[in-house]
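> test case, fold it:
(chains A, B, C and D)
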2 protein chains.
Amino acid sequence: MKPLYDKLTKELKRNNIRISYQRLKVLEYLVNHKCHPTVEQIYSSLNKDIPTLSKTTIYSTLNTLADAGMIRVINIEDHETRYDATIENHGHFKCESCGEIYDFNIDMDLLVTKDLKNFKILDKNVYFKGVCPDCMNKKNQ
Amino acid sequence: MKPLYDKLTKELKRNNIRISYQRLKVLEYLVNHKCHPTVEQIYSSLNKDIPTLSKTTIYSTLNTLADAGMIRVINIEDHETRYDATIENHGHFKCESCGEIYDFNIDMDLLVTKDLKNFKILDKNVYFKGVCPDCMNKKNQ
DNA sequence: ACCAATATTGTAATAATTACAACTTAATTA
DNA sequence: TAATTAAGTTGTAATTATTACAATATTGGT
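So this is what the prediction gives:
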């Protein structure tokens, strides 16, 4: 068995998630594709290896992994959910011109507010939008 | 004409948006309902006054207002876009138990990162999720 | 290897959003 | 103020993302 599978298997077990080929494949895909893929992208790619794969399985798996905190859900817009295997706190920037989503480092601990004193905060997301350097250059040409 | 309509008319004109009864009504609704309504909520309410109202008009109007920067789009999750007439920078907290969305003050200027040095940032959103005090109390009973 | 619990699959249903053509209204000019 | 033109509204149909669910298959523990 590939070392990565071994590592992912352990992580799944640590979170009390049963092991299946599909789950390992989805996790592997996310770990190897840090480009914030959509369900469609994950499905299309894995479908080549697993012809019987169902899109429902992708949804189900992603929800399971997200509930366990193993992956992050990105709802930056477009009614098209994206997923991210990097769970350390970071922000997401979406270029409104090319659609690309970029990661950026940000200290979430700076995000404090008295207004949420008695709230239990489980998840923090920071989404920026604008134009990326590549698209800025294209416009100026 | 109501004073609010007069004010909203001026704001629309300042943004080069043509005046229509539907647009005034949508804007008025958002100003009077700061609860981050969905398209469905806006439509259901306005439909009582304007029986011929089309949901397409709501979508079109909201997109126009958002493009002009007159309202904010909230994509916190659930594949259900919400809209907010308060455009001053503030964060949104969604209670995962009751679904309510709360505003909270946050200094967006604290959100700086070297990673986006050459990016043009047009919009900043901060979304938190968790459990609100009301739902915390209910759970402990 | 067996069994019970859980996962996967495929289809169908649901829900949000957009496309588009016909009709209506708003702003502009004479 | 009437005519003109550009833009907005409407209703229907199409598209797309996501969920529901029942039948089948697989997993993990005994």
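> okay, and the helix or strand of chain A with the least pLDDT?
helix A:133-139 (a mean of 89; mean pLDDT, DSSP states H and E).
> would you mind writing the CA trace of that one as CSV?
Only the C-alpha atoms of helix A:133-139 are listed here, as CSV (Å, rounded to 0.1, in the frame of the first residue of the first chain):
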residue,chain,number,x,y,z
PRO,A,133,-1.8,40.3,-10.5
ASP,A,134,-2.0,38.2,-13.7
CYS,A,135,-5.4,39.6,-14.6
MET,A,136,-4.3,43.1,-13.6
ASN,A,137,-1.4,42.9,-16.1
LYS,A,138,-3.7,41.5,-18.9
LYS,A,139,-6.0,44.5,-18.4
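> what residues does it touch?
A:Cys95, A:Ser97, A:Cys98, A:Val131, B:Asn118, B:Phe119, B:Lys120 (Cβ atoms under 8 Å, 6 or more residues apart in numbering or on different chains). For the C-beta atoms, the positions are set from N, CA and C on the backbone; glycine is no exception.
> now with 10 Å?
A:95-100, A:102, A:130-132, B:116-120 (Cβ atoms under 10 Å, 6 or more residues apart in numbering or on different chains).
> quick one: buried ones out of these?
Buried residues within those, defined by neighbour count using 16 or more other Cβ atoms under 10 Å in any protein chain shown: A:Cys95, A:Tyr102, A:Gly130, A:Val131, A:Cys132, B:Leu116, B:Phe119, B:Lys120.
> from these, which is closest to A:Val73?
A:Tyr102 (17.3 Å; Cβ to Cβ).
> confirm that that closest one sits in a strand.
Yes - with DSSP: H, G, I helix; E, B strand; the rest coil as the criterion, A:Tyr102 is part of a strand.
> which one is it nearest to, not counting chain neighbours?
Using Cβ to Cβ, 6 or more residues apart in numbering or on different chains and skipping residues adjacent in sequence, the residue nearest A:Tyr102 is A:Phe93, 4.5 Å away.
> now the one you found: phi and psi?
Main-chain dihedrals, A:Phe93, degrees, to the nearest 10: phi -110, psi 130.
> was I right to think it contacts A:Phe128?
Yes - if you go by Cβ atoms under 10 Å, A:Phe93 and A:Phe128 touch, sitting 4.5 Å apart.
> now the common contact residues for those two.
Common neighbours of A:Phe93 and A:Phe128 (Cβ under 10 Å, 6+ apart) are A:Ile76, A:Tyr102, A:Phe104, B:Thr113, B:Leu116, B:Phe119, B:Ile121, B:Asp123, B:Lys124.
> filter those down to just the ones in strands.
Among the shared contacts of A:Phe93 and A:Phe128, the residues falling in strands (DSSP state E) are A:Tyr102, A:Phe104, B:Ile121, B:Asp123, B:Lys124.
> what about the helices in chain A?
All helices of chain A, identified by DSSP state H, fall at A:3-14, A:21-32, A:39-49, A:55-67, A:133-139.
> any chance of those helices in TSV, plus mean neighbour count?
Listed next are the helices of chain A as TSV, based on neighbours: other Cβ atoms under 10 Å in any protein chain shown:
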stretch	mean neighbour count
helix A:3-14	14
helix A:21-32	19
helix A:39-49	15
helix A:55-67	16
helix A:133-139	13
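> which of the shared contacts of A:Phe93 and A:Phe128 sit farthest apart?
The widest separation within the shared contacts of A:Phe93 and A:Phe128 (Cβ to Cβ) is 16.2 Å, between A:Ile76 and B:Thr113.
> what about the residue nearest to A:Tyr102, distance to B:Leu4?
Going from A:Phe93 to B:Leu4 by Cβ to Cβ, to the nearest Å gives 36 Å.
> now the nearest residue to A:Asn16 once chain neighbours are set aside. Its backbone dihedrals?
Leaving aside its chain neighbours, A:Asn16 sits nearest to A:Ala68 (7.9 Å; criterion: Cβ to Cβ, 6+ apart). Per-residue torsions, A:Ala68: phi -80, psi -10 (degrees, to the nearest 10).
> re earlier: let me see the contact set for the residue nearest to A:Tyr102.
By Cβ under 10 Å, 6+ apart, the contact list for A:Phe93 reads A:76, A:100-104, A:126-132, B:113, B:115-116, B:119, B:121, B:123-124.
> centre-most residue in chain A?
Centroid check for chain A by Cα atoms, centre = their mean gives A:Asp84 as the closest residue, at 1.6 Å.
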